[in-house]
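**Student:** Show me how the following folds:
(chains A and B)
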Amino acid sequence: GDSVTQMEGPVTLSEEAFLTINCTYTATGYPSLFWYVQYPGEGLQLLLKATKADDKGSNKGFEATYRKETTSFHLEKGSVQVSDSAVYFCALRGNYGGSQGNLIFGKGTKLSVKP
Amino acid sequence: GAGVSQSPRYKVAKRGQDVALRCDPISGHVSLFWYQQALGQGPEFLTYFQNEAQLDKSGLPSDRFFAERPEGSVSTLKIQRTQQEDSAVYLCASSYPTSGQETQYFGPGTRLLVL
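**Tutor:** Below is the predicted model:
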């Protein structure tokens, strides 16, 4: 079945460092791909998404490119801030017949950014 | 309302008790999803409603889990005879389907602890 694998954390970075969180997927057909973020004490929020190969999702300085050839959707940010400290989840949603749209998540990667 | 709300936010139950968790989706959202998030894991799909119809309950872990959405808005997830392995955060998400590319908006979750 469909699945998402993302790098395990925790990841600890200094402010202004470069961030990469790896995410790869296994899926039937052509899924949509997402990054969700969970700030401490808050619910899951959509960070960015991409719905087809070579699409780049971006938001708040974060970017991820849908790579079908490598089945990957790695999250990057050029300069992290303390306020980026959160748990990041990679997820997919099937876009094939019969899929009603439930998300399949990775296990999450906790990011801590130190001043 | 402004977003998806869930109640209670925290619930402590003795093993064997029944619990009921409530989800108020965003007004007008047709689709409603329940997910279970164990500690240190990503959310896992439980069940899906389109309006009042429960179209998929394949993720419910046992027949002790029951969900309903009788009027197509508020939903309740009920767990009968709770067990310690039911301890988790239960997330509700809603969306308004347009082209199948809709975003799911998550509530803050209900943290259930079974003693």
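**Student:** list the contacts for residue A:92?
**Tutor:** The contact partners of residue A:92, taken as Cβ atoms under 8 Å, 6 or more residues apart in numbering or on different chains, are A:2, A:4, A:25, A:27, A:31-34, A:103-104. All C-beta atoms are positioned from the backbone trio N, CA, C, and that covers glycine.
**Student:** gap between it and chain B?
**Tutor:** Plainly put, residue A:92 is 11 Å away from chain B if you go by Cβ to the nearest Cβ, to the nearest Å.
**Student:** Give the helix, strand or coil label for that residue.
**Tutor:** strand (DSSP: H, G, I helix; E, B strand; the rest coil).
**Student:** so what's the nearest residue to it once chain neighbours are set aside up against?
**Tutor:** Once flanking residues are discounted, residue A:92 sits nearest to residue A:31: 4.2 Å by Cβ to Cβ, 6 or more residues apart in numbering or on different chains. By Cβ under 8 Å, 6+ apart, the residues touching residue A:31 are A:2, A:25, A:92-95.
**Student:** Local confidence estimate at residue A:31?
**Tutor:** Looking at residue A:31, its pLDDT stands at 90.
**Student:** now residue A:104
**Tutor:** At residue A:104, the model reports a pLDDT of 93.
**Student:** give me the residue from chain A nearest chain B.
**Tutor:** In chain A, the residue that lies nearest chain B is residue A:105 (3.2 Å; Cβ to the nearest Cβ).
**Student:** Run a quick check on that residue versus residue B:36, I expect a contact.
**Tutor:** No. Look at residue A:105 against residue B:36 with Cβ atoms under 8 Å: they stay out of range, at 11.0 Å.
**Student:** Could you tell me which residues touch both of those two?
**Tutor:** Here residue A:105 and residue B:36 share the contacting residues B:43-44, scored by Cβ under 8 Å, 6+ apart.
**Student:** re earlier: buried members of the contacts of residue A:31 into ChimeraX, please.
**Tutor:** Buried members of these, defined by 16 or more other Cβ atoms under 10 Å in any protein chain shown, are picked up in ChimeraX with:
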select /A:25,92,93,94,95
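**Student:** Quickly check the contacts of residue A:31 for the two that are furthest apart.
**Tutor:** A:25 and A:95 (12.6 Å; Cβ to Cβ).
**Student:** And residue B:35, how far from residue A:115?
**Tutor:** Distance of residue B:35 to residue A:115, computed by Cβ to Cβ, to the nearest Å: 34 Å.
**Student:** swap that for residue A:60, please
**Tutor:** With distances taken as Cβ to Cβ, residue A:60 is found 19 Å from residue A:115.
**Student:** do residue B:115 as well
**Tutor:** Here the criterion is Cβ to Cβ. By it, residue B:115 lies 39 Å from residue A:115.
**Student:** more neighbours, those two?
**Tutor:** More neighbours surround residue B:115 than the other of residue B:115 and residue A:115, with 10 against 7 (other Cβ atoms under 10 Å in any protein chain shown).
**Student:** Surely the more buried one and residue B:13 touch.
**Tutor:** Yes. Applying Cβ under 8 Å as the test, residue B:115 and residue B:13 come out as touching, 7.2 Å apart.
**Student:** can you map out the strands along the chain?
**Tutor:** The chain I'm using is chain A. Secondary structure of chain A by DSSP state E: the strands cover A:3-6, A:11-14, A:19-21, A:23-26, A:32-38, A:44-50, A:56-59, A:62-65, A:75-77, A:86-93, A:103-105, A:109-114.
**Student:** oops, I was thinking of chain B
**Tutor:** Going by DSSP E, chain B shows strands at B:5-7, B:10-13, B:19-24, B:31-37, B:44-50, B:53-56, B:65-68, B:75-79, B:88-95, B:105-106, B:110-114.
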